[in-house]
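**Q** Give me a model of this one.
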Amino acid sequence: MNFPEFFESAPRITVRDPLARFLGAAEDGIIEYTYSDAVKLAGHSCPTVASAYLMTRAAMRALYPAAFPERGGIRVELRDDRLTGVAGVVANVVSLLTGASNDTGFKGIAGRFDRRCLLSFGADIPGQLRFTRQDTGTAAIVSARLERLPGDARITSLMPRCVAGTATAGQTAQFQSLWQDRVRTLLVEHADDPEIIVVQH
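**A** The predicted structure is shown next:
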């Protein structure tokens with residue numbers, strides 16, 4: 001696949017999934033996710049997809065400082081309603097990485113590995129997302145301050161032309177480059193920036 005080169009420079013997320021271990025899908029249940037995986041799921045690369053990826057990473061690091069995060073062992077709540085803005089996109093990326101799902105998730109095996117009802121919307125929380133460990137009850141609230149990382153001003157004039165189909169080939173290429181450069185800046189230069197990806201315990 002011809003993804004932008006910076007995808008390979010984005011942080012990777014390694015988890016341990018007890019279900020994958022039980023079924024022999026991954027040795028010791030260890031699975032590594034990349035930003036490319038999130039892009040394949042969403043079908044596109046944008047600041048929202050990147051921030052959902054980084055918020056999940058930050059929450060997992062806060063909840064499991066000395067161990068692999070347990071996929072399927074985390075409950076996730078979104079502040080926004082499921083139909084509000086980009087909440088659905090964020091939820092899909094979070095679900096990919098954590099295994100958390102609503103009532104359509106995996107039902108489990110003999111009472112184990114149930115992934116249902118671990119993802120919910122409309123929570124009264126002081127942040128975008130709250131991640132809670134099922135085993136300890138420890139929680140982390142995370143938010144992405146994307147307004148602190150504005151995109152190139154030229155995007156504002158180029159996007160309408162691209163949407164309307166009136167942009168030249170050069171303008172289209174410039175728009176795409178500027179758009180992905182903001183994603184690159186977020187993923188590569190600010191992945192661990194506490195002013196952009198804010199974690200509250």
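**Q** Pull the number of nearby residues for the residue lying closest to residue 139 once chain neighbours are set aside.
**A** With CB to CB, 6 or more residues apart in numbering as the criterion, residue 139 has its nearest non-adjacent residue at 4.3 Å, and that residue is residue 132. The way it works is simple: take the backbone N, C-alpha and C, and place the C-beta from them, glycine included. Close neighbours of residue 132, defined as other CB atoms under 10 Å, add up to 19.
**Q** who does the helix or strand harbouring residue 132 touch, helix- and strand-wise?
**A** The secondary structure element spanning residue 132 is strand 129-133 (assigned by DSSP states H and E). Contact analysis of strand 129-133 by 3 or more CB pairs under 8 Å, 6 or more residues apart in numbering; DSSP states H and E lists helix 47-63, strand 74-78, helix 87-98, strand 139-144 as its packing neighbours.
**Q** try 7 Å
**A** Packing contacts for strand 129-133, counted by 3 or more CB pairs under 7 Å, 6 or more residues apart in numbering; DSSP states H and E, involve helix 47-63, strand 74-78, strand 139-144.
**Q** quick one: the residue nearest to residue 139 from residue 100, how far?
**A** Separation of residue 132 from residue 100 (CB to CB, to the nearest Å) stands at 10 Å.
**Q** overlap in contacts of those two?
**A** Both residue 132 and residue 100 are in contact with 74, 75, where contact means CB atoms under 7 Å, 6 or more residues apart in numbering.
**Q** hang on, the earlier thing: so which of the helices and strands packed on strand 129-133 gets nearest residue 107?
**A** Nearest to residue 107 among those is strand 74-78 (16.7 Å), distances taken as CB to CB.
**Q** Any chance you could give me the closest one in PDB, C-alpha atoms only?
**A** As requested, the backbone C-alpha atoms of strand 74-78 are provided in PDB (Å, rounded to 0.1, in the frame of the first residue of the first chain):
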ATOM      1  CA  ILE A  74     -11.000  -1.700  29.500                       C
ATOM      2  CA  ARG A  75     -14.300   0.100  29.600                       C
ATOM      3  CA  VAL A  76     -14.500   3.300  27.500                       C
ATOM      4  CA  GLU A  77     -17.000   6.200  27.700                       C
ATOM      5  CA  LEU A  78     -17.300   9.000  25.300                       C
END
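**Q** quick one on the thing from earlier: which strand residues bridge the residue nearest to residue 139?
**A** Judged by DSSP bridges, the bridge partners of residue 132 are residue 75, residue 139.
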